[in-house]
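Undergrad: Fold the following, please.
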Amino acid sequence: VARRALVGLGAAGAAASLGAVARAQGEPPAGPWRPTFEPQDAWLDRPGTRHRLVLDAASATGAGMAAGFASNFYLTNKTGYGLSPDTLGVVIVLRHMATPFGYDDSIWAKYGSAFAELLELKGKTAIEASHGNPGNVPGPKMKPTDEDVTLAVLARTGARFAVCGLGTEALGGLIASKTHQTAEAVVAEFKAHLIPGALLVPAGIVAVNRAQEHGYALAAVG
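TA: Model prediction:
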């Protein structure tokens, strides 16, 4: 019995020694994983927010749906909970094929026809695209007293828009080839003409990740 006890103690000691070596070599300490907040993502932490929502839009349809859902989020938090917009953190990520909706009316007036072809916009929306950002064209109202649901109205309410940097680079190359310009020139133009409340982020998918790490509930809208 004594011999077995000694052997057991020896094994336990060896395991402890191996554990110490592993920790010394960089093994993470036990316990729940926590994200590391990066300085570039500080814009997500607006003081005073009680609830946070990030809407992930990756298509033209998704951009419109994100605007509608964000408007509903503001409205029902006010009517159902008495919460003012400044207590709510709302971020709309415009990435992939929703990226162009992060550019202002002057960009759409210049490149709207190319965007409409690229995004396969049809009918009235395609026509609107040649005059300005379709996201700033009010849709039909359920009641005459309803507020317009546009990206500009949401920006004034307090919503932020994360515009995909990778998408912007890709779009710059595509539009440049159609308009006989350099990609660098077109991308610079896009970056200088973001919609109000917008921030160019390295990649939209990264913004979706960072927002969740900063406590935003995710709504994927297409």
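Undergrad: which residues are contacting stretch 163-179?
TA: With contacts defined as Cβ atoms under 8 Å, 6 or more residues apart in numbering, stretch 163-179 is touched by 93-96, 99-100, 102-103, 111, 114, 118, 181-187, 190-191, 194, 198-205, 207. Using the backbone N, CA and C atoms, a C-beta is placed for each residue, glycine as well.
Undergrad: Can I get the buried part of the residues you listed as one PyMOL selection?
TA: Provided next is the PyMOL selection string for whichever of the contacts of stretch 163-179 are buried by 16 or more other Cβ atoms under 10 Å:
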select buried, resi 93+94+95+96+99+100+102+103+111+114+118+183+186+187+190+194+198+201+203+204+205+207
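Undergrad: The contacts of stretch 163-179 in strands, which ones?
TA: The strands, defined by DSSP state E, take in 93-94, 198-201 from these.
Undergrad: Need those in CSV (columns: pLDDT and distance to V153).
TA: As requested, these are arranged in CSV below (pLDDT from 0 to 100; distance: Cβ to Cβ, whole Å):
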residue, pLDDT, distance to V153
V93, 98, 18
L94, 98, 16
A198, 98, 14
L199, 98, 18
L200, 98, 21
V201, 98, 22
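Undergrad: quick one, helices of this protein?
TA: 2-24, 60-81, 105-119, 123-129, 151-157, 165-179, 183-192, 204-213 (DSSP state H).
Undergrad: closest one to R46 among these?
TA: helix 204-213 (11.9 Å; Cβ to Cβ).
Undergrad: Against which helices or strands is the closest one packed?
TA: For helix 204-213, the helices and strands in contact under the criterion 3 or more Cβ pairs under 8 Å, 6 or more residues apart in numbering; DSSP states H and E are strand 51-57, strand 88-94, strand 160-164, strand 217-220.
Undergrad: From the chain's centroid, how far away is it?
TA: Distance of helix 204-213 from the chain centroid (Cα atoms, centre = their mean, to the nearest Å) equals 6 Å.
Undergrad: what's that helix in contact with?
TA: For helix 204-213, using Cβ under 8 Å, 6+ apart, the contacting residues are 35, 37-38, 41, 44, 52, 54, 56, 58, 91, 93-96, 99, 162-164, 166-167, 201, 218.
Undergrad: most packed of the helices and strands packed on helix 204-213?
TA: strand 88-94 (a mean of 28; mean count of other Cβ atoms under 10 Å).
Undergrad: How far off centre is that one?
TA: Put simply, strand 88-94 sits 6 Å off its chain's centre (Cα atoms, centre = their mean).
Undergrad: how many degrees apart are that strand and helix 165-179 in direction?
TA: Here strand 88-94 runs at an angle of 40 degrees relative to helix 165-179 (axes from the mean of the first three to the mean of the last three Cα atoms, to 10 degrees).
Undergrad: by how many degrees do strand 88-94 and strand 160-164 diverge?
TA: Using the same axes, to 10 degrees: strand 88-94 against strand 160-164 is 20 degrees.
Undergrad: Show me what strand 88-94 pairs with in its sheet, parallel or antiparallel.
TA: With DSSP bridges as the test, strand 88-94 is paired with strand 51-57 (parallel), strand 160-164 (parallel).
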